[in-house]
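S.K.: when you get a sec, could you give me coordinates for this:
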Amino acid sequence: MIKFDDAFLYKTPITHRGLFDENYPENTQPAFERAIELGYGIEMDVQMTIDNVLVVYHDDNLKRVCGVDKDIREITYEELKTLRPMGKEYPIMTFREFLDFVDGRTPILVEVKHQKRKGIEKLLVQELKNYKGQFAVQSFNPNIVYRITKLAPEFVAGVLVTREPSKLAPKIVNKLIHAFAFRFYIKFNFLSLRAKDLPVSYKRTGKYKVIAWTIQTEEDIKNAEKYADNIIFEKCVPTLSKFGEKKF
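M.R.: Presented below is the predicted three-dimensional model:
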C-alpha cells in the first residue's frame, strides 16, 4: 500500500472550522468558501447521527450553535437538517456535501469526533476513498485514529493532544500520549498540539511534524513559528510569517 504524501499539510495555514464570523457560522458552506477563496486549508469536524449519517459539526450538543439542547449523536438526520447554525440560512452539511463542495480546491483536515457508537471510521473511510482532493484525518480519540489507519493505512493521520485533562483524555491518558505510548500501535504522520502547550519535546526530536491549534493572535503565530510546522487559526490571519502573508 502506497502511503499518501503529507507534504501538502504543512504548506498552507489551516482555518479553524472555515473562516467563520458573526455572519458566516463555523463549519458552514460560506465559511468554507471564504477559506478557499483566500487560499487557506480547512479544518472541520465530523459527527455521526443516530441513523449513521456523517455530518459537519463540532459540538456533541446542539445548544451553543443551534439553540437546541440535544446531543447530535442521538437524533436523526431528518431532525438535524431542519436546524440552522446561529439562526442563519445555512444548513448543517453532510460530510458528502462538504466533500462535493470543496471538490479538491484546497486541502482539508478532518477531525473525527468521539462517538457513543462504533461505525464512524468505516463510513468516513468509504467517503474519503472516493475523494480526489488532498486530505488528512485526526482525532483526540487514539482508538478512532487506530481504526481509521487499520482500514486505510495509506491515509495521512494525526493525533490531537493537549495537556489539559478532559473526560475523553484524563490526565494519565494525556501523559501517556505525550510519552508516545500510543506510537506503538498507531501509525500517524503528525501531532496536533494546543498552542498553549508549545514548546514540546517532540519537535526537538525531529521525529514528528507538529500542527499548532488554535492560533488566535500574532503572539500565538510568533510562538508557533519556533516550534510548529503549520497552524490552525481563527480570528487572526497569518501575517508576515513562515505560514504565509496577510490575504485581507
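
S.K.: would you list every one of the helices in this structure?
M.R.: 29-37, 63-66, 77-80, 95-102, 120-129, 142-151, 171-178, 201-205, 218-227 (DSSP state H).

S.K.: what does the fourth one contact?
M.R.: Spelled out, that is helix 95-102. 29, 32, 36, 42, 44, 46, 54-56, 93, 108, 124, 127-128, 131, 133 (C-beta atoms under 8 Å, 6 or more residues apart in numbering). For every residue, glycine as well, the C-beta is placed using N, CA and C.

S.K.: which among the residues you listed end up buried?
M.R.: 29, 32, 36, 42, 44, 46, 54-56, 93, 108, 124, 127-128, 131 (16 or more other C-beta atoms under 10 Å).

S.K.: between those residues, which is closest to residue 17?
M.R.: Among those, residue 44 lies closest to residue 17 (C-beta to C-beta), at 6.0 Å.

S.K.: just list whatever residues bridge to that closest one.
M.R.: Counting by DSSP bridges, residue 44 forms beta bridges with residue 110.

S.K.: wait, doesn't it sit right on residue 54?
M.R.: No. Using C-beta atoms under 8 Å, residue 44 is not in contact with residue 54; the gap is 11.4 Å.

S.K.: for the closest residue to residue 139 other than its chain neighbours, give me its contacts.
M.R.: Leaving out its chain neighbours, the residue that sits closest to residue 139 by C-beta to C-beta, 6 or more residues apart in numbering is residue 112, at 4.4 Å. Neighbouring residues of residue 112 by C-beta under 8 Å, 6+ apart: 45-46, 120-121, 124, 137-139, 141, 144-145, 148.

S.K.: one more pass at 7 Å, please.
M.R.: Counting by C-beta atoms under 7 Å, 6 or more residues apart in numbering, residue 112 makes contact with 46, 120, 124, 137, 139, 144.

S.K.: separation between it and residue 217?
M.R.: Taking C-beta to C-beta, to the nearest Å as the measure, residue 112 falls 28 Å from residue 217.

S.K.: ok, residue 11 next?
M.R.: Counting by C-beta to C-beta, the gap from residue 11 to residue 217 is 23 Å.

S.K.: one more: residue 242?
M.R.: Taking C-beta to C-beta, one finds residue 242 at 17 Å from residue 217.

S.K.: show me where pLDDT drops low in the protein?
M.R.: Per-residue confidence of the chain (counting by pLDDT under 70) places the weak regions at 1-3, 164-185, 201-206, 238-241, 244-248.

S.K.: and the closest residue to residue 224 other than its chain neighbours, how many neighbours?
M.R.: Nearest residue to residue 224 in three dimensions, chain neighbours excluded: residue 212, at 4.2 Å (C-beta to C-beta, 6+ apart). If you count neighbours by other C-beta atoms under 10 Å, residue 212 ends up with 28.

S.K.: what is the neighbour count of residue 11?
M.R.: 13.
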